[in-house]
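Peer 1: starting from these lines, generate the structure:
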Amino acid sequence: MPLLPWIADESLKSAVKNLLLTAKSAKVSAKKEFGKNVIDPFSSVFEIAGFETDFESWIKSETARQAQKTLQNHIGEFHQIILGSVKGWENKKTGNVIDLICKKQKILAEVKNKFNTTSGGKLADLYFSLERAVMPKMSVYKGYTAYYVIIIPKKKNRYNKEFTPSSKESGQRCTANEKIREIDGASFYTLVTGRENALEELFDILPQTISLCSNGAYKIKSPEKLKKFFSLAYEKSLLGSS
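Peer 2: Numbering: from 1, shown residues only. Reported below is the predicted structural model:
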């Protein structure tokens with residue numbers, strides 16, 4: 001029986017292994033490179049005092065923070081790999097304007113991990129990039145729908161709506177276009193897999209997959225406690241989405 005019904009075990013395990021290696025490498029690098037990047041000395045003083053900690057504990061915390069930052073930069077790529085491994089979908093990999101494509105459904109997608117990954121001033125640039133991909137008559141993607149995917153949205157409600165960011169130059173919103181859309185991560189996983197709670201299924205299977213990929217070396221203790229964070233980030237169903 002597969003770990004998940006909508007992705008091959010080898011593809012899931014490969015994506016998990018890659019992210020585990022990234023996490024391990026980030027931790028080693030953070031320790032090795034600690035202090036090479038400028039550390040705010042004022043912040044460190046007030047953190048030690050205000051957080052009621054000591055210097056050694058602060059060092060561990062700061063090292064973990066730096067490693068976490070590196071890891072989080074790769075979480076979006078993890079989702080891109082997972083989604084691109086679903087039957088009928090293709091991961092265009094990093095460096096391309098488009099991250100994912102499904103020729104059968106005529107869908108393109110640009111995937112970002114969190115709502116604040118792309119600054120407000122660059123959202124209009126993203127809109128025009130998607131517009132150039134799907135709107136010109138001579139484009140190979142003419143007739144496709146382009147999605148700006150935010151895996152972790154600002155609010156937990158699900159949505160699938162026209163993408164109309166404000167232009168920094170004009171201060172006006174980009175023209176609404178049904179072919180250029182914005183969608184949260186849970187809804188997009190549903191769109192890709194056809195399963196309403198696919199993203200939740202992925203989250204739930206990660207502790208077991210991580211243990212399998214590390215031969216039991218890495219185990220998530222009390223996964224039910226972490227599940228609370230998932231519930232805070234996403235609605236349970238599509239009811240009420242726009």
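Peer 1: what mean pLDDT does stretch 194-201 have?
Peer 2: Taken as a whole, stretch 194-201 has a mean pLDDT of 96.
Peer 1: do stretch 233-242 as well
Peer 2: The model assigns stretch 233-242 a mean pLDDT of 59.
Peer 1: do stretch 115-128 as well
Peer 2: Here the average pLDDT along stretch 115-128 is 86.
Peer 1: please identify the buried residues of that stretch?
Peer 2: 117-118, 123-124, 126-127 (16 or more other C-beta atoms under 10 Å). (Each C-beta comes from the backbone N, C-alpha and C, glycine too.)
Peer 1: where does the most centrally placed residue in the chain sit: helix, strand or coil?
Peer 2: Closest residue to the average C-alpha location of the chain: Asn113 at 2.4 Å, with C-alpha atoms, centre = their mean. Under DSSP: H, G, I helix; E, B strand; the rest coil, Asn113 falls in the strand class.
Peer 1: so what does the lengthiest helix in the chain touch, helix or strand wise?
Peer 2: Looking across the chain with DSSP state H, the single longest helix is helix 55-84. Here helix 55-84 touches helix 9-32, helix 41-50, strand 90-91, strand 100-102, strand 107-114, strand 145-152, helix 185-193, going by 3 or more C-beta pairs under 8 Å, 6 or more residues apart in numbering; DSSP states H and E.
Peer 1: circling back: could you dump the buried residues of stretch 115-128 to a markdown table with secondary structure and distance to Thr63?
Peer 2: Output for the buried residues of stretch 115-128, formatted as a markdown table (DSSP: H, G, I helix; E, B strand; the rest coil; distance: C-beta to C-beta, whole Å):
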| residue | secondary structure | distance to Thr63 |
| --- | --- | --- |
| Thr117 | coil | 24 |
| Thr118 | coil | 28 |
| Leu123 | helix | 33 |
| Ala124 | helix | 37 |
| Leu126 | helix | 33 |
| Tyr127 | helix | 38 |
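Peer 1: from those, pick the one nearest Glu196.
Peer 2: Nearest to Glu196 among the buried residues of stretch 115-128, counting by C-beta to C-beta, is Thr117 at 25.1 Å.
Peer 1: look up phi and psi at that closest one.
Peer 2: In this entry, Thr117 is assigned phi and psi values of phi -60, psi -40 (degrees, to the nearest 10).
Peer 1: grab the nearest non-local neighbour of it.
Peer 2: Nearest non-adjacent residue to Thr117, counting by C-beta to C-beta, 6 or more residues apart in numbering: Gly76, 6.8 Å away.
Peer 1: tell me how many other residues crowd Asp184.
Peer 2: Per other C-beta atoms under 10 Å, the neighbour tally for Asp184 reads 27.
Peer 1: state the distance from it to Asn91.
Peer 2: Distance, Asp184 to Asn91, using C-beta to C-beta, to the nearest Å: 20 Å.
Peer 1: again, but for Phe163
Peer 2: Remark: distance between Phe163 and Asn91 (C-beta to C-beta) = 21 Å.
Peer 1: which of the two has more neighbours?
Peer 2: Per other C-beta under 10 Å, whichever of Phe163 and Asn91 has more neighbours is Phe163, with 22 against 18.
Peer 1: contacting residues around that one?
Peer 2: Applying C-beta atoms under 8 Å, 6 or more residues apart in numbering to Phe163 gives the contacts 127, 130, 148, 174, 177, 180-182.
Peer 1: and of the residues you listed, the nearest to Thr63?
Peer 2: Comparing those against Thr63 with C-beta to C-beta places Tyr148 closest, at 34.0 Å.
Peer 1: just give the number of residues close to the closest one.
Peer 2: If we define neighbours as other C-beta under 10 Å, then Tyr148 has 21 of them.
Peer 1: who does it form a beta bridge with?
Peer 2: Per DSSP bridges, the residues bridged to Tyr148 are Glu110, Glu182.
Peer 1: tell me if I'm right that it and Ile183 touch.
Peer 2: Yes - with contacts defined as C-beta atoms under 8 Å, Tyr148 counts as touching Ile183 at a distance of 7.3 Å.
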